[in-house]
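1. This is a predicted model, with the sequence first.
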Amino acid sequence: MSVPSRMMRVMGELDQRLRGFEIVSREMVLASGGTDAMIASRVRAGWWTRLHPGVYRIGPRSNRWLERLRAAVLAAGEGAVVSHRSAFVLWGLDGLRTQLVEITVPYEHAPVPEGVIRHRTRRPVEAVTVQGLPTTSVERTILDAAAVVPQEVIAKGVDSAVRSGLTDPLRLMRVVADKGGPGVRGVRKVERAIDLLEMRGPTGSPAEAELRRHMDDSGIPPPVPQWEVTCPSGRTYRVDFGWPDRNKGVEVDGVGAHSSAEQLERDLARQNDLLAAGIELRRFTGRQIRRNPKAVVEEIRRFLGLL
């Protein structure tokens, strides 16, 4: 077999071994039987794109966030994990939307990939896989993010993590006690968020968490979150915030609350059932709460007879 034919066969075998990967490292290529010469020829031909030293995209450059995260982790080397704000979003926690590329590496690591926020740590980092990427645990993510985001974001993140079953207050407190030693910023934010959660219970949406904070700040009596009401029809419903002593409740509607005729009919039947049980309701959208929280709170105060 001629040299060009042998090279073509080897390159074809390499392509088969790397099938399914969009981002590859030099180490992955060499472990799959490739060579530096093969990498260089693919980059020259425009088949691969160099993203960082020793990290390549098979095909043209892409600005997709997950690919940028994967490239950063590969470029940073062994032990690198997605962390802080990037991990917060990767876990799907409420309160933050960002496409920052933020990672944590062992303290002795030297590479700093371009366009990447890199943190170094001497503390052990137990990585879990989230969307195919090595990532800090949800508890460690919340603790790390608390050093760089406001209290309100941490409160929403803790609420959504518990509501989604990703963690619980006890596990969070254990991580704070274990990892939140001297010099660790953000510990008080996490502790305050846990205290609020245990006092209020988890909410059902980010807008609910925001409304609850505004109601507390205005001195409205603490409601029963996710108040269960059994109606004369025999059906049981949950009301986002309830004051059973007043037979009154407040609900937060999402964007899709009435996105179909069937949903509207179900909602009207539910509201009629609650009215038959003597329950009065006031309803607000997340948009109202974000844009004019003062007006929403004042309406709730009037509704509860506090003005």
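-> Alright, I've got the coordinates.
2. Go through stretch 83-95 and flag the buried ones.
-> S83, H84, R85, S86, A87, F88, V89, L90, W91, L93, D94, G95 (16 or more other C-beta atoms under 10 Å). Just so you know, the C-beta spots here come from the backbone N, C-alpha and C atoms, and that holds for glycine as well.
3. if you average pLDDT over it, what comes out?
-> Throughout stretch 83-95, pLDDT has a mean value of 95.
4. how long is that stretch end to end?
-> Chord length of stretch 83-95, first to last residue, is 16 Å (C-alpha to C-alpha, to the nearest Å).
5. now the closest residue to L281 other than its chain neighbours: how far from L274?
-> In this structure, L281 finds its nearest non-sequential neighbour in G249, 5.2 Å apart by C-beta to C-beta, 6 or more residues apart in numbering. G249 sits 8 Å away from L274, going by C-beta to C-beta, to the nearest Å.
6. Pick out whichever of these two has more residues nearby.
-> G249 (24 against 20; other C-beta atoms under 10 Å).
7. mind showing which ranges of the protein have poor pLDDT?
-> 1-15, 17, 20, 254-260 (pLDDT under 70).
8. Kindly recompute the last result at 80.
-> Filtered on pLDDT under 80, the chain yields the residue ranges 1-20, 109-111, 124, 180-184, 198-206, 254-264, 307.
9. hey, where'd the helices end up in it?
-> Along the chain, counting by DSSP state H, helices occupy 3-17, 26-31, 36-45, 65-76, 84-90, 138-145, 151-163, 169-179, 187-200, 206-217, 261-276, 286-291, 293-303.
10. Please work out which of the ones you listed is packed deepest.
-> When these are scored by mean count of other C-beta atoms under 10 Å, the highest mean neighbour count falls to helix 138-145 (a mean of 26).
11. what angle do that helix and helix 169-179 make?
-> 60 degrees (axes from the mean of the first three to the mean of the last three C-alpha atoms, to 10 degrees).
12. hmm, who's touching helix 138-145?
-> For helix 138-145, contacts defined as C-beta atoms under 8 Å, 6 or more residues apart in numbering pick out 83-85, 87-88, 91, 93, 96, 104, 119, 125-126, 135-136, 153-154, 157-158, 161, 166-167, 171-172, 174-176, 179-180, 184, 186-187, 190.
13. let's go with 6 Å and repeat that
-> Residues outside helix 138-145 that contact it (C-beta atoms under 6 Å, 6 or more residues apart in numbering) are 83-85, 87-88, 91, 157, 161, 166-167, 171-172, 175, 179, 190.
14. Among those residues, which one sits closest to I300?
-> Closest approach to I300 among these (C-beta to C-beta): G157, at 25.1 Å.
15. Any idea how many residues pack against the residue nearest to A127 when sequence neighbours are not counted?
-> Sequence neighbours aside, P134 is the residue nearest to A127 in space, at 4.1 Å (criterion: C-beta to C-beta, 6+ apart). Using other C-beta under 10 Å, P134 has 18 other residues around it.
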